[in-house]
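J.: sequence-free structure coming up:
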């Protein structure tokens, strides 16, 4: 896929999503609104994205830090600032820009930047218990030779959230990605199917706990599947500020190249 084709596809998504309206009754309260809305809107710290979009004329900045123990050595890796800028658009749409992540590790190559990603998310609609969303993400040929993307990548995700009651809700994201390795790793392209399941426990209006299982059918060219688990806590000290703590563990394969990690971060609603 060439950059020109990528931007053409990106434009089609914007036009299409802008024409789509909410297909469910407007009399039902929007599950993405209210005093605890930010806890539902944030994408972090889960790997799965939220089914909620950022409200029109508002924006969310997400930042984070991870410390990983790598699988292929006794070394470690640090990732920051994990910066995502999400901007609310008309007609239940959202523009997301994932800024380059800085990576530092104890083994060679010691440091570099990940690629930049841009995308569009559209909230299809909701009922009292269901919320459904689709998104398209495009990874630009960018970043450093060791940690960037050799060519353009793309992902299409469907996200469904089901609310059991005021305490528990379940989110499922199913995606298909095509991506390339970094230049230093050969730059080969591979395609994978990516399931992701998140169970959230709502302790109160300010505190959520979650557990997540996610995987990919391929973790690289010529590689098999990989699955990881993670969990954590989200806290809402202010209506426009979220902070979180996360831990993750490899289950099988070599997905994202770590044995386990710990991370922390925050999200700010403007």
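T.: Sure, I can see it. A quick note: this is a predicted structure, and the numbers were derived from the prediction, not measured.

J.: and the helix or strand where residue 174 lies, how far out from the chain's middle?
T.: Assessed by DSSP states H and E, residue 174 sits inside strand 168-180. Relative to its chain's centre, strand 168-180 lies at 9 Å (CA atoms, centre = their mean, to the nearest Å).

J.: and if you look at stretch 244-263?
T.: Taking CA atoms, centre = their mean, one finds the center of stretch 244-263 at 15 Å from the center of the full chain.

J.: on that earlier part again, after the strand holding residue 174, heading C-terminal, what element do we hit next?
T.: Downstream of strand 168-180, the first helix or strand assigned by DSSP H and E is strand 189-202.

J.: avg pLDDT for the helix or strand following that next one?
T.: Per DSSP H and E, the first helix or strand lying C-terminal to strand 189-202 is strand 207-216. On average, the pLDDT along strand 207-216 is 98.

J.: any idea where the strands of the stretch 51-200 of the chain begin and end?
T.: Assigned by DSSP state E, counting those that start in this stretch, the stretch 51-200 of the chain shows strands spanning 59-70, 76-80, 84-89, 93-98, 102-105, 111-113, 117-126, 130-139, 153-163, 168-180, 189-202.

J.: thinking again about what came up before, quick one: contacts of the strand holding residue 174?
T.: Under the contact criterion CB atoms under 8 Å, 6 or more residues apart in numbering, strand 168-180 has outside partners 1, 48-51, 139, 141, 149-164, 187-202, 216. For every residue, glycine as well, the C-beta is placed using N, CA and C.

J.: And these, which of them are buried?
T.: Buried members of the contacts of strand 168-180, scored by 16 or more other CB atoms under 10 Å, are 48-51, 139, 141, 149-157, 159, 161, 163, 187, 190, 192, 194, 196, 198, 200, 202, 216.

J.: Leaving aside the residues adjacent along the chain, what's closest to residue 247?
T.: In space, and not counting its chain neighbours, residue 247 is closest to residue 262: 5.2 Å by CB to CB, 6 or more residues apart in numbering.

J.: Which of the helices or strands spans the one you found?
T.: Residue 262 belongs to strand 258-269, assigned by DSSP H and E.

J.: quick one, that strand and strand 76-80 angle?
T.: Strand 258-269 runs at 10 degrees relative to strand 76-80, counting by axes from the mean of the first three to the mean of the last three CA atoms, to 10 degrees.

J.: And strand 258-269, what's buried?
T.: For strand 258-269, burial by neighbour count (16+ other CB under 10 Å) applies to 258, 260, 261, 263, 265, 266, 267, 269.

J.: Grab the most central residue of the chain for me.
T.: In the chain, the residue lying closest to the centroid (CA atoms, centre = their mean) is residue 49, at 4.2 Å.

J.: mind checking the SS state of it?
T.: coil (DSSP: H, G, I helix; E, B strand; the rest coil).

J.: Now it, what are its backbone angles?
T.: Per-residue torsions, residue 49: phi -80, psi 160 (degrees, to the nearest 10).

J.: secondary structure element for the residue lying closest to it once chain neighbours are set aside?
T.: Distance criterion CB to CB, 6+ apart; nearest residue to residue 49, sequence neighbours excluded, is residue 43 at 4.7 Å. Using DSSP H and E, residue 43 sits in no helix or strand.

J.: phi, psi of residue 43?
T.: Residue 43 adopts backbone torsions of phi -80, psi -40, taken as degrees, to the nearest 10.
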